[in-house]
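In: Here is my input; please provide its structure:
(one chain, ligands or ions: 1)
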Amino acid sequence: MAGVSVTTATFIATSTTTTTTVTIASSLSMQALVRNKTTAGQAIALEDGNSHPLRAGLHTSRYFEILKTRRQLPVSGSRQSFLDVYHQNQVVVLSGDTGSGKSTQIPQFVFFDEYASGKVIACTQPRRLAVTTVARRVATEMDVPLGQEVGYSIRFDNVTSDKTRLKYMTDGLLLREAMEDGNFSSYSCIIIDEAHERTISTDILMALLKKAVASRSDLKVIIMSATLDAGTFTNYFASSSTFRVHGGSHPVEIMYLSGATPDYFLLSLHFVKHIHENHEAGDILLFLTSVKEVEEACSMLRTAIEDMEVMSLYASLPPSEQDKVFCQSSMRKCVVTTNIAETSLTIDGVAYVIGVCKQSGYNPRASLKTLLTAPISKASARQRAGRAGRTRPGVCYRLYDEDTFDNVFLPPAPPGILENEITSEILMLKNMGYNAVGRFDFVTPPHPEVYLRGLEDLRALYRVLKEVVEIRKQLKGVVQTLFNEPLKASDFGAANYDINIRKALARSFFYHSALHCETRGDDVYTTVHDNHPAGIHPDSSLVGINHEWIIYDRFIYTGKQYMQIVTAIDPEWIVDLEHFQDDRLSRKRNGELRQPKVKASLDKARAARQQSTT
Ligand SMILES: Nc1ncnc2c1ncn2[C@@H]1O[C@H](COP(=O)(O)OP(=O)(O)OP(=O)(O)O)[C@@H](O)[C@H]1O
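Out: Residues are numbered from 1 along each chain as shown. You can find the predicted model right below:
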């Protein structure tokens, strides 16, 4: 809607700020709250009352215990200043230190302020584990059963009800909802948490929210970020103001090595043992670089230390296994994890954090995903340290020297949209009516090459669909002619079924074709499009077969370059495509073919094809 201005403003809070408490009549109820006109004093009075403000009955004693610790969090001291800023602005960008209370407290402040709207508050997290654990914590803090006033929604797991007014969800799920309703009509406020992680979903959501706030003046947006990067978001939402919450829950001492280590893995295990044998009570959180390392470390630690409970934590573990790390233990706990535990998580009892690093990237030229050991960013290192000191003072051991942290560590990881393929996001935006995706108002626009690759993949999918539809039509015709009856379902047992599907894939994903390179040995191929050498991924059923031609879905780099999701094809299926005609084959500057073997194989296939048709 024209004329609606979107503004942001500054919110400064410190752990020492005192709370303004307004005297409230004892008869105050939730129904007396007026949307976006509530005070911190009103909410505090409702929270402090013996009676539960949301249901009949009294608060439990545990509720008051937790309430006492919540009131000591840095954000609690600035509840009224936050509300003032929130009331005056449609978009608030809030940044704060780890453990200051952003994820758990700010949504509750908004809960009281938005209660009269009758709509839902969404708080997004990039990771499923953060969604479920933060929602559970907030439901406990508010003394309500999870799924009632406070719930969560992740793919395949929806714990909400008609009563839910504060919903934690993944950024991906809210994005899916936006496909149906780009105005976010059922929400009064949307909180994007951990915005500094710059996941693709978060970035696209921010663009959609920028549009939505312009057409819905009653929609509020809060962008929460743990770093000083908030400027990027304030600029994006048409303002240059910055908002800070200072201080975390408890102090964290940072320790560095005095020099570099040649083997961080073994050293980290020695550190765990050293802490266990020499330091006072407190659980240990060890960050490693891959699932393989995590499992290896767990098994070595279990053998070496009997009186310690060792647990692994990574994204592909079943949720019931992940939840175990949050359970109390009579022994010291050591949680060995990947970067899944880097942000948002509070594992009660963790006093020691040990950190090493690795990161993945995407090369659009080669459609190549990499998973290489590389220095992490300072922001990541700070997030990891922030996992200590949440429920008690902590120590963070960084397995590198201070000089490395100051001079070698990378700047914050680039936004996900610059590092990943975005095919499904392009499709989604097109589906929402954004046809010129290249001109979409991204916070950081992706490189044109990533965008072009995405479009090429979509064109390929379209070609597959067209071919499959054509094959189905032909099969239907054949069956009808032969048996004089209509085809009821696809006949998976038909002799040519598999070949027809592979043919369709070959003719659509022809630019992902590769030719076996006999001189380099088993399972090594060269891509036809880019002339890259690559092996067949060890998980593939084609390993050891050495088909002459294959097509692949994607590249992955894990020390070696591999093609994943591959299928064998016959060059006779593709020789007629323009892409494989002589004048289109890749040549050097002097006109010589880069891959004479490709031409030889295509010529052979062309001759065979001609013979079979004559
Ligand atoms: N499950 C829990 N058990 C015990 N205390 C918790 C739990 N979750 C949160 N807390 C307490 O609340 C504090 C604030 O947590 P919250 O997740 O809101 O911080 P945050 O500012 O969002 O941190 P981050 O930037 O690391 O996500 C924690 O430091 C801790 O003291």
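In: what helix or strand does residue 92 sit in?
Out: strand 91-96 (DSSP states H and E).
In: ok, then the element right after that strand?
Out: helix 102-114.
In: Just want the angle from that next one to strand 91-96.
Out: Angle between the axes of helix 102-114 and strand 91-96 is 150 degrees (criterion: axes from the mean of the first three to the mean of the last three Cα atoms, to 10 degrees).
In: the strands in the stretch 451-600 of the chain, which residues?
Out: Counting by DSSP state E, counting those that start in this stretch, residue ranges of the strands within the stretch 451-600 of the chain are 513-516, 524-527, 533-536, 549-558, 560-569.
In: Okay, now the sheet partners of the second one, with direction.
Out: Counting by DSSP bridges, the strands paired with strand 524-527 are strand 513-516 (antiparallel), strand 533-536 (antiparallel).
In: what does that strand rub up against?
Out: 512-517, 532-536, 550, 563, 595 (Cβ atoms under 8 Å, 6 or more residues apart in numbering). For the C-beta atoms, the positions are set from N, CA and C on the backbone; glycine is no exception.
In: Same question for the first one.
Out: Taking contacts as Cβ under 8 Å, 6+ apart, the residues outside strand 513-516 that touch it are 506, 524-529, 534, 546-552, 563, 569, 574, 595, 597-598, 601.
In: tally of neighbours for the residue of the stretch 351-500 of the chain found nearest the ligand?
Out: Nearest to the ligand, among the residues of the stretch 351-500 of the chain, is residue 390, at 3.6 Å (Cβ to the nearest ligand atom). Number of residues near residue 390 (other Cβ atoms under 10 Å) recorded here: 20.
In: how about the residues of this protein near the ligand?
Out: Taking Cβ under 6 Å from any ligand atom as the contact definition, the chain meets the ligand at 73, 96, 98-105, 137, 226, 249, 343-344, 346, 348, 386, 390-391.
In: CA atoms only for the helix or strand encompassing residue 417, dumped as CSV, please.
Out: Using DSSP H and E, residue 417 sits in helix 416-419. Below are the C-alpha coordinates for helix 416-419, written out as CSV (Å, rounded to 0.1, in the frame of the first residue of the first chain):
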residue,chain,number,x,y,z
GLY,A,416,23.6,-19.0,2.0
ILE,A,417,22.0,-17.5,-1.1
LEU,A,418,25.5,-16.9,-2.5
GLU,A,419,26.8,-20.3,-1.6
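In: Could I have the CA atoms of whichever helix or strand comes after that helix written out in PDB?
Out: Following helix 416-419 in sequence order, the next helix or strand is helix 423-431 (DSSP H and E). The C-alpha coordinates for helix 423-431 follow below in PDB (Å, rounded to 0.1, in the frame of the first residue of the first chain):
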ATOM      1  CA  THR A 423      16.600 -24.000  -8.000                       C
ATOM      2  CA  SER A 424      13.700 -24.800  -5.600                       C
ATOM      3  CA  GLU A 425      13.600 -21.200  -4.400                       C
ATOM      4  CA  ILE A 426      13.400 -19.900  -7.900                       C
ATOM      5  CA  LEU A 427      10.500 -22.300  -8.600                       C
ATOM      6  CA  MET A 428       8.800 -21.300  -5.400                       C
ATOM      7  CA  LEU A 429       9.100 -17.600  -6.200                       C
ATOM      8  CA  LYS A 430       7.800 -18.100  -9.700                       C
ATOM      9  CA  ASN A 431       4.900 -20.100  -8.300                       C
END
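In: Quick one: list the elements packing against helix 423-431.
Out: On a contact count with 3 or more Cβ pairs under 8 Å, 6 or more residues apart in numbering; DSSP states H and E, helix 423-431 meets helix 171-180, helix 200-215, helix 448-483.
In: Show the buried residues in the contacts of strand 524-527.
Out: Burial by neighbour count, judged by 16 or more other Cβ atoms under 10 Å, picks out 512-517, 532, 534-536, 550, 563, 595 from these.
In: Can you tell me which of those residues is nearest the ligand?
Out: Nearest to the ligand, judged by Cβ to the nearest ligand atom, of these is residue 563 at 37.7 Å.
In: burial of the closest residue in space to that closest one that isn't next to it in sequence, as a residue count?
Out: Excluding the flanking residues, the one nearest residue 563 by Cβ to Cβ, 6 or more residues apart in numbering is residue 552, at 3.6 Å. By other Cβ under 10 Å, 23 other residues sit near residue 552.
In: give the contact list for residue 552.
Out: 512, 514, 534, 563, 564, 565, 566.
In: picking that back up, reformat the strands of the stretch 451-600 of the chain as a markdown table; add distance to residue 291 and mean pLDDT.
Out: What follows is the strands of the stretch 451-600 of the chain, written out as a markdown table (distance: least, Cβ to Cβ, whole Å; pLDDT from 0 to 100):
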| stretch | distance to residue 291 | mean pLDDT |
| --- | --- | --- |
| strand 513-516 | 28 | 93 |
| strand 524-527 | 26 | 91 |
| strand 533-536 | 21 | 89 |
| strand 549-558 | 12 | 83 |
| strand 560-569 | 17 | 87 |
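In: among the ones you listed, which is nearest residue 54?
Out: With Cβ to Cβ, the closest approach to residue 54 among the strands of the stretch 451-600 of the chain belongs to strand 549-558: 48.5 Å.
In: List the neighbouring strands of the closest one plus their orientation.
Out: Here strand 549-558 has these sheet partners by DSSP bridges: strand 368-372 (parallel), strand 513-516 (antiparallel), strand 560-569 (antiparallel).
In: Just say which of those strands is most tucked in.
Out: strand 513-516 (a mean of 22; mean count of other Cβ atoms under 10 Å).
In: follow-up on the earlier one: looking at the strands paired with strand 549-558, which is closest to residue 267?
Out: Nearest of these (Cβ to Cβ): strand 368-372, 20.0 Å.
In: Counting by contacts, list what the helix holding residue 417 packs against.
Out: Judged by 3+ Cβ pairs under 8 Å, 6+ apart, the packing partners of helix 416-419 are helix 200-215, strand 359-363.
In: Mean pLDDT lowest where, among those?
Out: Sorting the helices and strands packed on helix 416-419 by mean pLDDT places strand 359-363 lowest, at a mean of 43.
In: Nearest to residue 279 among the contacts of residue 552?
Out: For the contacts of residue 552, the residue nearest residue 279 by Cβ to Cβ is residue 564; the value is 43.4 Å.
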